[in-house]
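[1] Generate coordinates for the sequence data below:
(one chain, ligands or ions: 1)
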Amino acid sequence: MRKKTNMSDRTLLLAGNWKMNHDHLEAISSVQKLAWALEDAKLDESRCEVVVIPPFTDIRSVQTLVQGDKLWLKYGAQDVSQHAPGAHTGEIAATFLTRLGCSYVVIGHSERRADNHETNEVVAAKVRAALSAELTPILCVGESLQQRQEKTHVDFTLDQLEESLAGFDASALEGLVIAYEPVWAIGTGETATAADAAEMAAAIRARLAEKYGNGMAESTRILYGGSVKADNVAEIVADADVDGALVGGASLSGPDFAALCKAAVAK
Ligand code: PGA
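    Predicted coordinates for the structure are as follows:
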């Protein structure tokens, strides 16, 4: 594990993935409380980005609030269609998200890979759709418990990464965010140790350097996700290769998420 220094020029990213929680009215209240708590926390806004990722049906309400109150937080979506607008019932096009002011979109979350049978090929197509609409993908990768126990977790995660980015060159992937989320640590209260997160973040960065060059590897932000809370985030993001967290359960309450952001930035 290499300690982060103040020289790191990658901005810390703290993204709260609400999953299928909070309807649009609850979303307004949650974002308001988050904004107040962040103000109280006197977070150094130049040192981090705070992002909320609500369900699709909340995004317009969040946009109205963020723009109306000139909040500095950003927001995004939990998924996107691989298709351009057209006859795809139930899908949401990337350009629709851009029009709603989204900055980020989570792609390839393990819950979607499992529940919706999303393959790496589909994930790559979604990354392409997002990039072409100027959305920043937060591409999720990570191993199962069995793979971790069999010690194939690094190879599995790096293969998933490569396949989810098949066909891109370095210039197309500028700004990409990768979230390392071991499936066994999501929503279970089990957190990978800071050393586990650091090991995988370093392996991902090394693979990016090999495939796309040092410039791309050094500018890509790599997050850790899986049961991150206010009391474990500082240790996780202390590593030089870990540039923030993708947070599920602990992002649902505005004040709790603000406390987590404060703890992460304090380090
Ligand atoms: P969790 O979820 O923080 O509730 O474990 C993380 C995620 O799925 O992104």
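
[2] got the residue ranges for the helices in the protein?
    Remark: helices assigned in the chain by DSSP state H are 24-41, 59-68, 94-99, 110-115, 120-132, 145-149, 153-164, 194-212, 214-219, 233-237, 254-266.

[3] what's the most buried one of the ones you listed?
    Mean neighbours per residue, mean count of other C-beta atoms under 10 Å, is largest over the helices of the chain for helix 233-237, with a mean of 23. Quick note: C-beta positions are derived from backbone N, CA and C, even for glycine.

[4] hmm, back to that, can you redo the helices of the chain as CSV with distance to residue 138?
    Converted to CSV, the helices of the chain look like this (distance: least, C-beta to C-beta, whole Å):
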stretch, distance to residue 138
helix 24-41, 18
helix 59-68, 15
helix 94-99, 13
helix 110-115, 12
helix 120-132, 9
helix 145-149, 22
helix 153-164, 12
helix 194-212, 13
helix 214-219, 15
helix 233-237, 16
helix 254-266, 16
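
[5] which stretch in the ones you listed is the model least sure about?
    Note on these: helix 145-149 shows the lowest mean pLDDT, a mean of 91.

[6] Check the one residue in the stretch 1-150 of the chain that gets nearest to the ligand and give its pLDDT.
    Nearest to the ligand, among the residues of the stretch 1-150 of the chain, is residue 17, at 4.5 Å (C-beta to the nearest ligand atom). In this prediction, residue 17 carries a pLDDT score of 98.

[7] so what's it closest to, chain neighbours aside?
    For residue 17, ignoring the flanking residues on the chain, the nearest one in space by C-beta to C-beta, 6 or more residues apart in numbering is residue 53 at 4.6 Å.

[8] which bits of the stretch 51-200 of the chain sit near the ligand?
    181, 186-187 (C-beta under 6 Å from any ligand atom).

[9] how about 8 Å then?
    Counting by C-beta under 8 Å from any ligand atom, the stretch 51-200 of the chain comes close to the ligand at 106, 109-111, 140, 179, 181, 185-188.

[10] Enumerate every residue touching the residue nearest to residue 108 when sequence neighbours are not counted.
    Distances taken as C-beta to C-beta, 6+ apart place residue 123 nearest to residue 108, at 3.8 Å, with adjacent residues excluded. Residue 123 is in contact with 107-108, 113, 139, 163-164, counting by C-beta atoms under 8 Å, 6 or more residues apart in numbering.

[11] and with 7 Å instead?
    Shown in contact with residue 123 (C-beta atoms under 7 Å, 6 or more residues apart in numbering): 107-108, 164.

[12] Thanks a lot, catch you later.
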